[in-house]
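Colleague: return atomic coordinates for the entry below.
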Amino acid sequence: MGTLKKILYVEDQKDIQIIAEYALAAISGYTVKTSNSGIEALAEIEAFEPDLLLLDVMMPGLDGPGTLQEIRKLDAYKNTPAIFMTAKILPNELADLMSQGAIAVIPKPFDPVTLGSEIQVIWDNVQVSLGN
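Modeller: Numbering: from 1, shown residues only. Okay, the predicted model is just below:
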C-alpha cells in the first residue's frame, strides 16, 4: 500500500464535509475527493483510485457500512483500508463497525487540526501490521 496520498471521503452533511476536506487537504496535504452519498462514491471511486476510504456511518439511502460492502465488491478495492466516522460511538457499536471491515472509527465531532495526523497514525499502524 505504501504512502497515503488520496482519500475518498463520503459524507452527506455539507458543513462537516467542508471542514474535514479542509483539514485533510489544506492542513495535511492529502488529495481528497468528497462524495455526498454512497451511490456517488461508487460512481467516482474508479476514476479517483483512493488509497483510503473515509466513510460517514449514518447517511440516507446507502449508509457507510453499506457503501463499504458495495465497494468491497469491486476487485480493485477489496482491501482498500476504510475508516468510519460517526457521532454514535458506544462500545458495542464500535465493535460492530470494526467487524464490518474498518481499520478504525473516528468519533465526531473531530478536531480539524489533528484529523489528518490521526488518520496518518492509523494508516502507519496498518502498514506496520501488514509488514509494509
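Colleague: please report how far residue 16 lies from residue 77.
Modeller: Computed as Cβ to Cβ, to the nearest Å, the residue 16 to residue 77 distance reads 23 Å. Heads up, the C-betas are built off the backbone N, CA and C, glycines and all.
Colleague: the longest helix in this protein is where?
Modeller: Longest helix in the chain, counting residues (DSSP state H): helix 115-130.
Colleague: residue closest to the middle of the chain?
Modeller: What sits nearest the mean C-alpha location of the chain, by Cα atoms, centre = their mean, is residue 54, with 0.9 Å.
Colleague: three-state assignment of that one?
Modeller: Following DSSP: H, G, I helix; E, B strand; the rest coil, the label given to residue 54 is strand.
Colleague: the bottom helix or strand of the chain by mean pLDDT?
Modeller: helix 91-99 (a mean of 86; mean pLDDT, DSSP states H and E).
Colleague: okay, now the unreliable bits of this structure?
Modeller: Along the chain, segments meeting pLDDT under 70 span 1, 130-132.
Colleague: now do the strands in it.
Modeller: 6-10, 31-35, 52-56, 82-86, 104-107 (DSSP state E).
Colleague: those strands into a markdown table, with extra columns for distance to residue 20?
Modeller: Listed next are the strands of the chain as a markdown table, based on distance: least, Cβ to Cβ, whole Å:
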| stretch | distance to residue 20 |
| --- | --- |
| strand 6-10 | 6 |
| strand 31-35 | 8 |
| strand 52-56 | 8 |
| strand 82-86 | 8 |
| strand 104-107 | 10 |
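Colleague: so which of those strands gets nearest residue 62?
Modeller: strand 6-10 (9.2 Å; Cβ to Cβ).
Colleague: buried stuff in the closest one?
Modeller: Buried residues in strand 6-10, defined by neighbour count with 16 or more other Cβ atoms under 10 Å: 7, 8, 9, 10.
Colleague: over to stretch 9-22?
Modeller: So for stretch 9-22, counting by 16+ other Cβ under 10 Å, buried means 9, 10, 11, 12, 16, 17, 19, 20, 21.
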